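Engineer: With the input below, show me the fold.
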Amino acid sequence: MNPKIEHLIKQFARLPRLGARAGQRIVLALLQDNSGRAEKLANALLDASATIRPCPICGVLTDVAAPSCEFCRDASRANGQLCIVRDLSDVLTLEKSAVFHGRYHILGGLLSGTAGTLPDDLHITGLPERIKIENITEVIFALPNTIEGKTTQHYVMSVIGDANGVRFSELASGVPLGGDLDYLDDGTLTLAFGGRKEL
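Structural biologist: The predicted structure follows:
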């Protein structure tokens, strides 16, 4: 195969949840398409990479020209609830299910000895100050029900502390042990949020 095509397939295969086979299908479909889809995709990616950045408050991707993301600017979401998630895909999953109407905080990963992810690698440092400024009364953990998720949850709770009188809760029924939010349907997420328990 042409080295340029092989290189392109490798780049796609490195994307999360894709592999060599899916990467090959995508690349071949784009290169054999005569509608200019490949060029449009390339231009859209270049534009997004130049103009999109993580929100300095919560970590949700937003426009570089904006001081913060849509969630942080939306006054109706200032209801005292802050949902802590691992990454942006979790935010999108929760938004799609429409079970949460507060604000988010993306950690950017989970603590993991095997992966070498340490507290400094996560977006945690400014969290206590944010909770004070935004008058957060409940912190909801929507992290994977795994050892890494639980370890991260306990660490974040220790960083926040109980000085602010914040109530901690986690998703309850419906989230299986070892489960990821990405794989849960809307009904399961609704049950999990409705039945969350205080920590």
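
Engineer: Now do whichever strand or helix holds residue 169: everything it contacts.
Structural biologist: Assigning secondary structure by DSSP states H and E places residue 169 in strand 167-170. Residues from elsewhere that reach strand 167-170 (C-beta atoms under 8 Å, 6 or more residues apart in numbering): 137-143, 153, 157, 160, 196-199. In short, each C-beta sits where N, CA and C put it, glycine included.

Engineer: From those residues, list the buried ones, please.
Structural biologist: Neighbour counting by 16 or more other C-beta atoms under 10 Å classes 138, 139, 140, 141, 142, 143, 153, 157, 160, 196 among the contacts of strand 167-170 as buried.

Engineer: If we ignore the residues flanking it in sequence, what's nearest the third one?
Structural biologist: What it means is residue 140. Closest residue in space to residue 140, ignoring its immediate chain neighbours: residue 83 at 4.6 Å, by C-beta to C-beta, 6 or more residues apart in numbering.

Engineer: tell me what the one helix or strand the one you found maps to is packed against?
Structural biologist: Assignment of secondary structure by DSSP H and E places residue 83 within strand 81-85. When contacts are defined as 3 or more C-beta pairs under 8 Å, 6 or more residues apart in numbering; DSSP states H and E, strand 81-85 packs onto helix 88-97, strand 103-106, strand 138-141.

Engineer: Go again with 10 Å.
Structural biologist: Packing contacts for strand 81-85, counted by 3 or more C-beta pairs under 10 Å, 6 or more residues apart in numbering; DSSP states H and E, involve helix 88-97, strand 103-106, helix 127-133, strand 138-141, helix 147-160, strand 167-170.

Engineer: how far off helix 88-97 does that strand point, in degrees?
Structural biologist: With axes from the mean of the first three to the mean of the last three C-alpha atoms, to 10 degrees defining the directions, strand 81-85 sits at 130 degrees from helix 88-97.

Engineer: what lines up beside strand 81-85 in the sheet?
Structural biologist: When pairing is defined by DSSP bridges, strand 81-85 lines up against strand 103-106 (parallel), strand 138-141 (parallel).

Engineer: Pull the CA coordinates from the first one and hand them back as CSV.
Structural biologist: Extracted as CSV, the C-alpha positions of strand 103-106 are listed here (Å, rounded to 0.1, in the frame of the first residue of the first chain):
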residue,chain,number,x,y,z
ARG,A,103,-22.4,22.6,36.0
TYR,A,104,-19.6,20.2,35.1
HIS,A,105,-16.0,19.7,36.1
ILE,A,106,-13.8,17.5,33.8
